[in-house]
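Asks: fold the stuff below for me.
(2 chains)
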There are 2 protein chains.
Amino acid sequence: MLGLEGQRLSGDDDGIIPVIGPNGVKVVSMEFLLKDPEHPIVWRGPIKMGAIRQFLTEVNWGDLDYLVIDLPPGTSDEPLSVAQTIKDAEGAIIVTTPQDVAILDITKSVNFARMLNMKVIGIVENMAGLECPHCHKQIDLFRLHGGQEAAKHLDVPFLGSLPIDPKVVIAGDEGTPFVESAPTSEVARAFRIVVENILKQVS
Amino acid sequence: MLGLEGQRLSGDDDGIIPVIGPNGVKVVSMEFLLKDPEHPIVWRGPIKMGAIRQFLTEVNWGDLDYLVIDLPPGTSDEPLSVAQTIKDAEGAIIVTTPQDVAILDITKSVNFARMLNMKVIGIVENMAGLECPHCHKQIDLFRLHGGQEAAKHLDVPFLGSLPIDPKVVIAGDEGTPFVESAPTSEVARAFRIVVENILKQVS
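Replies: Next up, the predicted model:
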């Protein structure tokens, strides 16, 4: 989604050198260590934990504004390793679709963060409906406001709703941030609101 | 999604007794072991592996037509444990959305199954577009045919495409199978084709 397929990590005396993505963002991914992108990584928990620790401690990140760690869904090894390695993390951002069955999952994620004494920066509702590209009417794909109601119920900030837009899918496939390729779209506008709300919580 | 919230597992001399869901399907889930559904399960890989083994070996499943194991995305501990525990499994069904970035993930999953000598029953394309409920025109939400092309490229059967339908979301939230609540819908029709194609591969 960042257009970095086929990139490889290199290193020098100061550590692993991250790959540079769109707008100068520094990126490290397990993907960059693979010889063949079609080959799966079959690592059990403890080895994954070692890799996560290495990414956090042995990469020469330099001066960063923010370090964002994109984790798989759920409350398994990966978020646990991150929480245990970065004791002073600003907090966790929880992303959900708005339907009922997803809400129980985010409740678990919020309680998981609390068990680990990590602040919950807030909840983002993703795939929150879409506008029909033909008739421009609103379609509520996964119901609406589930994330917002969960945020209220769990007493954590609600950071905003992102509609679905096929442009985001295409931008992701092409490796271009959609906030640049479609800056005036509804989803880019919604995304900027989410970012502003996150900045309010972390500054 | 099966309307089994709050159910608990019990046991007798013959083992753990599965919960009975819609149409008599026997269900076992980690969820049924939790005292509080809002409480996350924070188990590292080896403990998860023990639970998976227990579900496979200590549940009194009785006579089954099929045992379906719904796994999280990716190629991590869970599918590895299942593949190592059930040596004679019929095979793996891989579900994907149709956009480019998902295709690389399913390529990994197919190669993962092959590494473990597990047959790939086929690929299902999920969320393959939707019909606008207002103007009834087709919306290609995540592009189309990516799963079909990947199946061809990887030389595994393509089992079919499932469109998105908000009725499926509502049926899932209500715990009713949508093939019963909306049997004449396009998605129920598409689902039956997928099932027929699976049966052809496993019989």
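
Asks: for the residue nearest the centre of chain A, grab phi and psi.
Replies: Residue closest to the mean C-alpha point of chain A, counted by CA atoms, centre = their mean, is A:D70 at 4.2 Å. Backbone torsions of A:D70, given as degrees, to the nearest 10, read phi -90, psi 110.

Asks: per-residue pLDDT, it?
Replies: At A:D70, the predicted lDDT confidence score is 92.

Asks: quick one: it and A:A92, what's the gap?
Replies: Per CB to CB, to the nearest Å, A:D70 is found 12 Å from A:A92. Yep, even glycine has a C-beta here, placed from its N, CA and C like the rest.

Asks: the strands in chain A, which residues?
Replies: Listed in chain order, the strands of chain A (DSSP state E) span A:10-12, A:15-17, A:19-20, A:26-27, A:92-96, A:120-125, A:130-131, A:138-139, A:158-161.

Asks: just name the most buried of the ones you listed.
Replies: strand A:120-125 (a mean of 24; mean count of other CB atoms under 10 Å in any protein chain shown).

Asks: which residues sit against that strand?
Replies: With contact meaning CB atoms under 8 Å, 6 or more residues apart in numbering or on different chains, strand A:120-125 is reached by A:90-98, A:106, A:110, A:113-114, A:145-148, A:150-151, A:154, A:156-162, A:194, A:197-198, A:201-202.

Asks: what subset of those is buried?
Replies: With burial judged by 16 or more other CB atoms under 10 Å in any protein chain shown, the buried subset of these is A:91-98, A:106, A:110, A:113, A:146-148, A:150-151, A:154, A:156-162, A:194, A:197-198, A:201.

Asks: what residues are up against A:T75?
Replies: A:108-109, A:112, B:40-42.

Asks: could you do A:R114 as well?
Replies: A:R114 makes contact with A:V120, according to CB under 8 Å, 6+ apart.

Asks: cool, and the one 4 residues further on?
Replies: With contact taken as CB under 8 Å, 6+ apart, A:M118 is in contact with A:83, A:89, A:91-92.

Asks: quick check, nearest of the contacts of A:T75 to A:G172?
Replies: Of all the contacts of A:T75, A:S109 has the smallest distance to A:G172: 23.1 Å, by CB to CB.

Asks: dump the residue contacts of the residue nearest to that closest one when sequence neighbours are not counted.
Replies: Nearest residue to A:S109, sequence neighbours excluded (CB to CB, 6 or more residues apart in numbering or on different chains): A:I94, at 4.9 Å. By CB under 8 Å, 6+ apart, the contact list for A:I94 reads A:106, A:109-110, A:113, A:120, A:122-124, A:156.

Asks: which residue, other than its chain neighbours, is closest to the residue of chain A found nearest chain B?
Replies: Closest approach between chain A and chain B, counting by CB to the nearest CB: A:G45, at 2.9 Å. Leaving aside its sequence neighbours, A:G45 sits nearest to B:G45 (CB to CB, 6+ apart; 2.9 Å).

Asks: what's the neighbour count on the one you found?
Replies: 21 (other CB atoms under 10 Å in any protein chain shown).

Asks: next one: A:P183
Replies: Neighbour count for A:P183, taken as other CB under 10 Å: 12.

Asks: and what of A:N111?
Replies: A:N111: 18 surrounding residues under other CB under 10 Å.

Asks: how far away is the closest residue to it other than its chain neighbours from B:Q84?
Replies: Spatial nearest neighbour of A:N111, excluding adjacent residues (CB to CB, 6+ apart): B:P40 at 5.5 Å. B:P40 sits 26 Å away from B:Q84, going by CB to CB.

Asks: the more surrounded of the two?
Replies: Each of B:P40 and B:Q84 has its neighbours counted (other CB under 10 Å); B:P40 has more, 21 against 12.

Asks: from B:S109, how far out is the more buried one?
Replies: 25 Å.

Asks: surely A:D140 touches A:E131?
Replies: No: counting by CB atoms under 8 Å, A:D140 stays clear of A:E131, with 11.1 Å between them.

Asks: what is the residue nearest to A:G147 when sequence neighbours are not counted paired to in the beta sheet?
Replies: With sequence-adjacent residues excluded and distances taken as CB to CB, 6+ apart, A:G147 is closest to A:E125, at 3.4 Å. A:E125 has these beta-bridge partners by DSSP bridges: A:T96, A:S161.

Asks: any idea how far A:V68 is from A:E125?
Replies: According to CB to CB, A:E125 and A:V68 sit 19 Å apart.

Asks: A:D88 now?
Replies: Applying CB to CB to A:D88 and A:V68 gives a distance of 16 Å.

Asks: more neighbours: these two, which one.
Replies: Per other CB under 10 Å, whichever of A:D88 and A:V68 has more neighbours is A:V68, with 10 against 5.

Asks: looking at chain A, which residue lies furthest from center?
Replies: Distance to the chain centre peaks in chain A at A:C135, reaching 31.4 Å (criterion: CA atoms, centre = their mean).

Asks: quick one, what contacts that one?
Replies: A:C135 neighbours (CB under 8 Å, 6+ apart): B:132, B:134-135, B:137.

Asks: need the max-distance pair from those.
Replies: That would be B:H134 and B:K137, which, of the contacts of A:C135, are the farthest apart (CB to CB) at 8.9 Å.

Asks: need the residues touching each of those two.
Replies: Shared contacts of B:H134 and B:K137 (CB under 8 Å, 6+ apart): A:132, A:135.

Asks: per-domain residue ranges of chain A.
Replies: Following automatic domain parsing, one gets these domains for chain A: A:1-87, A:90-203.

Asks: hey, least reliable of those domains by pLDDT?
Replies: Averaging pLDDT over each of the domains of chain A puts domain A:1-87 lowest, since it has a mean of 86.

Asks: how long is that domain from one end to the other?
Replies: Domain A:1-87 has an end-to-end distance of 29 Å (CA to CA, to the nearest Å).

Asks: out of the contacts of A:C135, who's the most crowded?
Replies: Highest neighbour count within the contacts of A:C135, by other CB under 10 Å: B:C132, with 18 neighbours.

Asks: ok, now which ones touch that residue?
Replies: Each residue near B:C132 by CB under 8 Å, 6+ apart is listed here: A:132, A:134-135, A:137, A:139, B:138-139.

Asks: wait, what's in contact with A:D173?
Replies: Under the criterion of CB under 8 Å, 6+ apart, the contact list for A:D173 reads A:1, B:99-101, B:143.
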